[in-house]
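K.L.:
Just a sequence and a predicted model for now, questions to come.
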Amino acid sequence: MRALISAAILLAVSQASGLAQATKPELAPQGKLRAALVGSNPVLVTKMPDGTLTGVSVDLGKLIAEKFGVPFEPVVYGDTDAYAQSFGKGAWDVAIGPRTPVAEAACDFSPDFMLVDNIYVAAPGRDFADAHQVDRPGVKIAVVLNGAPDQFLSKSLKSAELVRIRGGRNEMIEALRSGKADLYGSNAENVQAVFKGLPGAKILPGAFRSVRMAVAVPKGLSKAAQEKLAAIVTDAKQTGVVQKAIDKGVLKGVRVAPN
């Protein structure tokens, strides 16, 4: 019986290894895994003082590269607009980030690996009961240009106005301080940074959406390649790889996506 079990395990390992080797040219045609990352999103990427990168998307990308037996090469975009503009241009092999309309038009996806709540912070003196009470005439909501909140709110808002801004914490603080915007919508990490830098600001209760994070690949990959990628992402959730990365980053408003 033990011999049969051992033989079955060896067969499974051999088959998985064979599948990875067979699909490697598709997922990593240049012999390395070029992974697009949103460098400005602290929920996904953290740049350490020595310049090295860490974070959930980095750890997951390294795992995928390891499973396919190729080197990991991060392709880091400085802002969400540059990241969104990169789709369909052949600059990377996988993109590890949010499911957005731009991404969905150009790519297929792995199972979701993480859910990220998007919330609002209101400017000093601006009062809203919760995240669901902001969509009314005259309300201006600041978002990062072409980020997941921008792409979502541009289709879902009925009365409030979007103010699209290039930049990060400092630019958002100035937009709220100057009256250019009444609210800023983003993930909890970004919202907390603005809240801490703007006395009198208020974080609204509730989330206006939960962003689904996944691994995007160009359309047209074989079923075998997509199944192999899906298995790696699912395994990363089940074995705690994603949760450990979340814990390491002490991330707020973030959780592992269900299977």
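P.N.:
Structure received.
K.L.:
now the strands for the stretch 151-259 of the chain?
P.N.:
Counting by DSSP state E, counting those that start in this stretch, the stretch 151-259 of the chain has strands at residues 161-165, 183-187, 202-203, 209-218, 254-256.
K.L.:
Comparing those, which comes out most buried?
P.N.:
Here the criterion is mean neighbour count by mean count of other CB atoms under 10 Å, and of those the winner is strand 183-187, at a mean of 28. Backbone N, C-alpha and C define where each C-beta goes, glycine included.
K.L.:
Name the surrounding residues that touch it.
P.N.:
The contact list for strand 183-187 (CB atoms under 8 Å, 6 or more residues apart in numbering) reads 41-43, 116-123, 126, 128, 134, 139-144, 147, 149, 153, 172, 175-176, 190-191, 194, 204, 208, 211, 253-254.
K.L.:
Columns distance to E227 on top of the strands of the stretch 151-259 of the chain, output as a markdown table?
P.N.:
Listed next are the strands of the stretch 151-259 of the chain as a markdown table, based on distance: least, CB to CB, whole Å:
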| stretch | distance to E227 |
| --- | --- |
| strand 161-165 | 38 |
| strand 183-187 | 30 |
| strand 202-203 | 41 |
| strand 209-218 | 12 |
| strand 254-256 | 21 |
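K.L.:
Dump those strands to TSV, plus mean pLDDT and distance to K67.
P.N.:
Shown next, in TSV, are the strands of the stretch 151-259 of the chain (pLDDT from 0 to 100; distance: least, CB to CB, whole Å):
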stretch	mean pLDDT	distance to K67
strand 161-165	97	38
strand 183-187	96	28
strand 202-203	97	39
strand 209-218	95	12
strand 254-256	96	19
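K.L.:
Figure out which of the ones you listed is closest to D93.
P.N.:
With CB to CB, the closest approach to D93 among those belongs to strand 209-218: 7.3 Å.
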